[in-house]
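[1] I need the structure of the sequence given here:
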Amino acid sequence: MFENKKNINEYIAKPYNFIINFINDESGSYYYGKVLELDGCQSTGDTVEELYENLKEAMEGYIETKLENGFDVPEPVTSENYSGKFNVRLPKSLHQRLVIEAEKEGVSLNQYVLYKLSI
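    Residues are numbered from 1 along each chain as shown. Take a look at the predicted model:
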């Protein structure tokens, strides 16, 4: 058990990516977060600090379960893993429309597509 706890703490210390959203709905205002690499590892909190502590607790349970059952624990994803480039095949009509729209905006097709993907 001690060795397992050591392994859990080693994983917790890794730079996992947290996605945090402020929610304001019929149930109230709170923060919702999840760990990008650990599918299903999510929690809520009234403050960002509380959310972080709750996510850490969720991570501990997630990692412990994976290790106890002999499954690999996903590693954190970093931007060094990606080149920033990918190729997309699309219909000619969409390609034409995007080129025309980019020209109207006075930007390159790459800039226009990046803008469209970011909104």
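[2] what's the closest non-adjacent residue to residue 60?
    Computed as Cβ to Cβ, 6 or more residues apart in numbering, the closest residue to residue 60 that is not its neighbour in sequence is residue 8, at 5.7 Å. All C-beta spots, glycine's among them, are computed from the backbone N, C-alpha and C.
[3] On the three-state scheme, that neighbour is what?
    Reduced to three states with DSSP: H, G, I helix; E, B strand; the rest coil, the structure at residue 8 is helix.
[4] ok, now how distant is it from residue 74?
    Between residue 8 and residue 74 the distance is 14 Å, computed by Cβ to Cβ, to the nearest Å.
[5] Rounded mean pLDDT for the lengthiest helix in the chain, please.
    In the chain, taking DSSP state H as the definition, the longest helix is helix 48-68. Average pLDDT, helix 48-68: 96.
[6] Any buried residues in it, and which?
    With burial defined by 16 or more other Cβ atoms under 10 Å, the residues of helix 48-68 counted as buried are 51-52, 54-55, 58-60, 62-64, 66-67.
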